[in-house]
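Undergrad: build me a model from this:
(one chain, ligands or ions: 1)
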Amino acid sequence: MGGGSLEASDKIKVIKGIGDKTEKVFHKLGIETVQDLLEHYPRGYEEFERPVPISSLTEGITASIEAGIAMTPKLKKVRNLQIVNVQVKDSSASMYLTWFNMPFLQKSLRSGYHYIFRGKVVRKNGVLVMEQPGIYQKESYYKLLRILQPVYPLTEGLTNNMVTKAVKQILSELSFAKDYIPKSITREYGLMDRTKAIREVHFPKDRDSMMNARQRLVFDEFFLYILALRKLKEKRTQQHSEYRMQECEECDQLIRQFPYQLTNAQLRVWQEVKHDLQGDFVMNRLIQGDVGSGKTVLAILALLMAAKNGYQACMMVPTEVLAKQHYKSLTEMLVSFGIRTCLLVGSMTAKEKRETYETIKSHSVDLIIGTHALIQEKVEYDNLALVITDEQHRFGVKQREALMNKGGHPHVLVMSATPIPRTLAIILYGDLDISIVDELPAKRLPIKNCVVDTNYRPNAYRFIDKQVAEGRQAYVICPMVEESDEIEAENVMEYTDRLRETLATQVVVEYLHGKMKPKEKNDVMERFANGEIHVLVSTTVVEVGVNVPNATVMMVENAERFGLAQLHQLRGRVGRGEFQSYCIFVCGSSSRDAWERLEILNKSNDGFFIAGEDLKLRGPGDIFGIRQSGEMEFKLGDIFQDASILKAAADAVKKLSDREVDKIFEADPGLENKILHKGTGTL
Ligand SMILES: Nc1ncnc2c1ncn2[C@@H]1O[C@H](COP(=O)(O)OP(=O)(O)OP(=O)(O)O)[C@@H](O)[C@H]1O
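TA: Next up is the predicted model:
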């Protein structure tokens, strides 16, 4: 590729400008080697525009200004945050610029000097400021005009410039890039050369070239994934079941005891699961169903059946909050059947864990609910017959495999709320049988939605007050902040303070964010579930699976920054009980596209419909639209938008002979492990 002094497997420390400290920051993003950095693809591109007068700036836009520093910058500390503020001026007006956690700027930005600043214009305390702008010398900025600039995913302590520089060096000095795909396939599918594609995706010549490069790399990603899936499938073709179960009277009893009638879809899927558990072969089944369609009930029935047959069974969920929630409801529901349950999560003390391991090993419990703590080496199960993974996308394939290996060949049930069309699901889930819960409980009132601008906030708050007075509860979701968890946490806390001042005095408002300790999170969530907290201000940590049927309002700030699938998941947190529920999407942007996108949610509560419409709206040109969060995270590929590439890759894999597949893995012995370990998909 270039001079050849770098190897793909080199640690990133060999790159100029990356010392111990920066290396650690890269590690936070999972980047350890030159190869990892090369695969740290831009999340989008920016085209720099000519600077505009400060007086022409409006809220929400990203723009550049050419301005002089009007005073010595000020540095202040707010909680954990170091904030640099400076006033700048051009001939039209003056404004403030703000940087977070870059204290050194206080010294380097000297009064009287001129720069070009480029960043997002936001409104803070009623005035327009630019947050976290890039700083450029005039000459170098003008050189960048109209060239597509990569925008990389970042983390605290890492700037776009640092990543850009490092990637540039790699591209000029790396000796080779591996091409896993046989020539016959690249030719047949018209794929760009891989080395060129990597170069172009980072620093594209133009838009067309970037699109072709991206297409090639997405193809690779899907291709390798499906290939690894094929290998895995070979390893566990139709296993004979070691855990054939008997009919279970208690399951019918439980169904009769539910305070509601199961829907026909639930009954049908339960029959399918039951049939598997009683059959000759090991179950490998995916249950797919929209948010709130009642999948958990099916999991509970399967767990009960396993326990009543004398086996152990476990359920692994992505967060401790969720584990606690399931543990509590399962215990309540099943105790009268003599079922013993226990919880196993990372935040338990060493002593508690030891005791729990002992109870599991001695089969003093039947059902174990937990997070990835369930697959720690020290856990020994006794006759583990069933493994349920809920919202499985947060786990890598490797972790799930580890859990399966703890029983002989336990039955596996995977739960998913992502509305993937059947044709794609068959490709992506490889050898899983698929059951679909395609019906919502009958008595549910459809959620009432509205998309509003920020001026609507006072009305929304009054509405929340009213709902709380009627005994209901509400969620308010603050926008995500990609660059820093700290700023995100800060936003949540600030918002909470404001709400406490605005809402009626008796309304209890609490917050939840990713930086809190698991115990604190659990505590807040428990108090919310018990109704002690009325309004929960949160980041998207509540997105997955949380079930508080008394909550009837979901208000999402800066809804335009989320993917539609994610908004649909968030909305799924309300409308889970008998009460009329409401979703308020607050759009902080005046762009027509943003409103149109949110209108889709306004129109429909159906996950499949939303995924389809979102796709139509984004269109093929919009290659780095807001990523669908959640299931099936690939580095570049988006299973919805790149569905045709996915199908092509599946088609290509099908054409390979076993020998050809083996050859690809033999050429790079770590490859299979790497694909599975990264867990970019699921099995
Ligand atoms: N047939 C039914 N009729 C009425 N309510 C039901 C029915 N099945 C489940 N529920 C209730 O609906 C709510 C949502 O069910 P559940 O938690 O099983 O959904 P889910 O499909 O797992 O949702 P998510 O994907 O959002 O986690 C729960 O409060 C549950 O008790």
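Undergrad: now do G2, the pLDDT please.
TA: As predicted, G2 sits at a pLDDT of 46.
Undergrad: contact residues of the stretch 151-300 of the chain facing the ligand?
TA: Proximity of the stretch 151-300 of the chain to the ligand is confined to Y260, L262, T263, Q266, G289, V291, G292, S293, G294, K295, T296, V297 under the rule C-beta under 6 Å from any ligand atom. Using the backbone N, CA and C atoms, a C-beta is placed for each residue, glycine as well.
Undergrad: narrow those to those in helices?
TA: Using DSSP state H, Q266, K295, T296, V297 are the members of these that sit in helices.
Undergrad: and the residues of the stretch 151-300 of the chain next to the ligand, which is closest to R187?
TA: G289 (41.5 Å; C-beta to C-beta).
Undergrad: nearest residue to the closest one in space, please, no chain neighbours.
TA: Nearest residue to G289 in three dimensions, chain neighbours excluded: V437, at 3.1 Å (C-beta to C-beta, 6 or more residues apart in numbering).
Undergrad: phi, psi of the one you found?
TA: phi -90, psi 90 (degrees, to the nearest 10).
Undergrad: that older thread, which pair of the ones in helices among the residues of the stretch 151-300 of the chain next to the ligand spans the longest distance?
TA: Q266 and T296, at 10.5 Å, using C-beta to C-beta across these.
Undergrad: pick out whichever of these two has more residues nearby.
TA: Q266 (24 against 21; other C-beta atoms under 10 Å).
Undergrad: check the gap between that one and V437 for me.
TA: Relative to V437, Q266 is positioned 6 Å away (C-beta to C-beta, to the nearest Å).
Undergrad: kindly report the same for Q312.
TA: 26 Å.
Undergrad: can you check Q132 too?
TA: Per C-beta to C-beta, Q132 is found 44 Å from V437.
Undergrad: who's more crowded, those two?
TA: For Q132 and V437, the more surrounded residue by other C-beta under 10 Å is V437, and the numbers stand at 23 against 17.
Undergrad: can you pull the contacts of that one?
TA: T263, A265, Q266, V269, I287, Q288, G289, D290, S293, G294, K295, L298 (C-beta atoms under 8 Å, 6 or more residues apart in numbering).
Undergrad: over to E188?
TA: When contacts are counted by C-beta under 8 Å, 6+ apart, E188 is found next to A652.
Undergrad: shift numbering so it begins at 54
TA: OK, 54 is where the count begins now, so the last one is E241.
Undergrad: now do the phi/psi pair for it.
TA: Main-chain dihedrals, E241, degrees, to the nearest 10: phi -60, psi -40.
Undergrad: how about the helices in the stretch 454-603 of the chain?
TA: Counting by DSSP state H, counting those that start in this stretch, the stretch 454-603 of the chain has these helices, from start to end: 475-481, 510-522, 538-555, 571-582.
Undergrad: now the last one: buried residues?
TA: I take that to be helix 571-582. P571, K574, N575, D576, V577, M578, F581, A582 (16 or more other C-beta atoms under 10 Å).
Undergrad: my guess is the fifth one meets L565, correct?
TA: Think V577. Yes: contact criterion C-beta atoms under 8 Å: V577 and L565 qualify, at 5.2 Å.
Undergrad: what do those two both touch?
TA: L589.
Undergrad: what's the first helix or strand after the one helix or strand F275 maps to?
TA: Of the helices and strands defined by DSSP states H and E, F275 is found in helix 260-288. Past helix 260-288, further along toward the C-terminus, the next helix or strand under DSSP H and E is helix 302-310.
Undergrad: contacts only, for I353.
TA: L307, L383, M386, L387.
Undergrad: again, only using 7 Å
TA: Contacts for I353 (C-beta atoms under 7 Å, 6 or more residues apart in numbering) come out as L383, M386.
Undergrad: pLDDT score for it?
TA: 96.
Undergrad: before we move on, what SS does N658 have?
TA: The three-state assignment at N658 reads coil, by DSSP: H, G, I helix; E, B strand; the rest coil.
Undergrad: returning to what we had before: and which of the residues of the stretch 204-353 of the chain next to the ligand is nearest V560?
TA: G345 (25.6 Å).
Undergrad: so for the closest one, what's the pLDDT?
TA: Looking at G345, its pLDDT is 83.
Undergrad: can you get me a residue count around it?
TA: For G345, the neighbour count with other C-beta under 10 Å is 23.
Undergrad: doesn't G628 make contact with it?
TA: Yes: here G345 reaches G628: they are 6.4 Å apart, a contact under C-beta atoms under 7 Å.
Undergrad: next one: D329 from T248, what distance?
TA: As for D329, its distance to T248 is 46 Å (criterion: C-beta to C-beta).
Undergrad: which of these two has more neighbours?
TA: Taking other C-beta under 10 Å, D329 and T248 do not tie; D329 has more neighbours (21 against 16).
Undergrad: and the gap between Y194 and V139?
TA: For Y194, the distance to V139 equals 18 Å [C-beta to C-beta].
Undergrad: actually, E76.
TA: 30 Å.
Undergrad: please say which of those two ends up with more neighbours.
TA: V139 (21 against 15).
Undergrad: can I assume that one sits in a strand?
TA: Yes: assessed by three-state DSSP, V139 belongs to a strand.
Undergrad: would you confirm that it contacts I122?
TA: Yes: the pair V139 and I122 passes the contact test of C-beta under 7 Å, sitting 6.0 Å apart.
Undergrad: residues in contact with the residue of the stretch 404-553 of the chain found nearest the ligand?
TA: Residue nearest to the ligand within the stretch 404-553 of the chain: P494 (3.1 Å; C-beta to the nearest ligand atom). By C-beta under 7 Å, 6+ apart, the contact set of P494 is Y313, T316, G347.
Undergrad: run the last query once more with 8 Å
TA: Residues near P494 by C-beta under 8 Å, 6+ apart: Y313, T316, G345, S346, G347.
Undergrad: that older thread, overlap in contacts of V139 and I122?
TA: Overlap of the contact sets of V139 and I122 (by C-beta under 8 Å, 6+ apart) consists of L162.
Undergrad: report the rounded mean pLDDT for the helix holding F275.
TA: Rounded mean pLDDT across helix 260-288 is 86.
Undergrad: and if you look at stretch 376-383?
TA: Averaged over stretch 376-383, pLDDT sits at 91.
Undergrad: how about that stretch, does it reach the ligand?
TA: No: Stretch 376-383 stays out of contact with the ligand when judged by C-beta under 6 Å from any ligand atom, the minimum separation being 8.3 Å.
Undergrad: again, but for stretch 470-488
TA: Yes: Stretch 470-488 reaches the ligand (C-beta under 6 Å from any ligand atom) through A470.
Undergrad: buried stuff in that stretch?
TA: Residues of stretch 470-488 classed as buried: 470-473, 477-478, 480-483, 485, 487-488 (neighbour count, 16+ other C-beta under 10 Å).
Undergrad: please apply the same query to stretch 124-143.
TA: Residues P126, L128, Q135, I136, V137, N138, V139, Q140, V141, K142, D143 are the ones in stretch 124-143 that count as buried (16+ other C-beta under 10 Å).
Undergrad: just stretch 293-313 next, same as before
TA: Within stretch 293-313, the residues that count as buried by 16+ other C-beta under 10 Å are S294, Y296, M298, C301, E303, C304, L307.
Undergrad: that one spans what distance, first to last residue?
TA: Length of stretch 293-313, first residue to last, C-alpha to C-alpha, to the nearest Å: 36 Å.
Undergrad: so for that stretch, mean pLDDT?
TA: Averaged over stretch 293-313, pLDDT sits at 94.
Undergrad: contact partners of that stretch?
TA: By C-beta under 8 Å, 6+ apart, the list of residues contacting stretch 293-313 reads 315, 323, 327, 330-336, 350, 353-354, 357-359, 361-362, 364, 386-387, 390, 436, 438-439, 461-464, 494, 496.
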